[in-house]
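Participant: kindly generate the corresponding structure for this input.
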Amino acid sequence: MKRRGRRGPGVPIVPGRIRQARLERGLSLAELAGAEVSRAFIHQLEQGLARPSLPVLEMIAQRTGKPIGFFTSGPETRPTGAVPDLAAELMTMSRRLERLAAALELSEANREGVRIVVGALRHGARLLTAAIRERGPSPGAADEDRP
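Facilitator: Alright, predicted model coming up:
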């Protein structure tokens, strides 16, 4: 799989499905990436920051044992009882806010306000990640309601 010329727009996917399929198959980022792409690119796909080309999506489908349609159609679903990945959602929100601010003509004061909010979202994501690591794996969605 050699890259030729400029990158295309890629195939629209449901980002969480890449990670779901990888974990169900017990693959690391490096194992899924293989020699064709980087681990960082697989991570970007999982976070919704990049779109794969059709050949890369076919490779991912083959390695995870899933049909291509699994990655491209329908709303993102979580396995029954799974706790939402709030840290990832906060990071996604911070990136979306940055892109929105870049597209708008904001005053310097408003830009600083956006930077503060983005920083708070990212800090919250890091705190959640640390708390989850400290607590250990969650046994299910019932724990979501605990303080």
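
Participant: tell me how far residue 130 lies from residue 36.
Facilitator: 33 Å (CB to CB, to the nearest Å). From N, CA and C alone the C-beta is placed, and that goes for glycine too.

Participant: those two: which is more packed in?
Facilitator: The residue with more neighbours, out of residue 130 and residue 36, is residue 36; 14 against 11, by other CB atoms under 10 Å.

Participant: give me phi/psi at the more buried one?
Facilitator: Dihedral pair for residue 36: phi -80, psi -40, per degrees, to the nearest 10.

Participant: low-confidence bits of this structure, can you list those?
Facilitator: Scanning the chain for pLDDT under 70 picks out the ranges 1-8, 74-84, 136-147.

Participant: which residues in it form helices?
Facilitator: 15-25, 29-33, 39-47, 54-64, 68-72, 86-103, 108-135 (DSSP state H).

Participant: between those helices, which one is nearest to residue 9?
Facilitator: With CB to CB, the closest approach to residue 9 among those belongs to helix 54-64: 11.2 Å.

Participant: helices or strands next to that closest one in the packing?
Facilitator: helix 15-25, helix 29-33, helix 68-72 (3 or more CB pairs under 8 Å, 6 or more residues apart in numbering; DSSP states H and E).

Participant: pick the most buried one from the ones you listed.
Facilitator: helix 15-25 (a mean of 19; mean count of other CB atoms under 10 Å).

Participant: look up how far residue 89 lies from the closest residue to residue 68 other than its chain neighbours.
Facilitator: Ranked by CB to CB, 6 or more residues apart in numbering and with sequence neighbours excluded, the top spatial neighbour of residue 68 is residue 61, at 4.9 Å. With distances taken as CB to CB, residue 61 is found 25 Å from residue 89.
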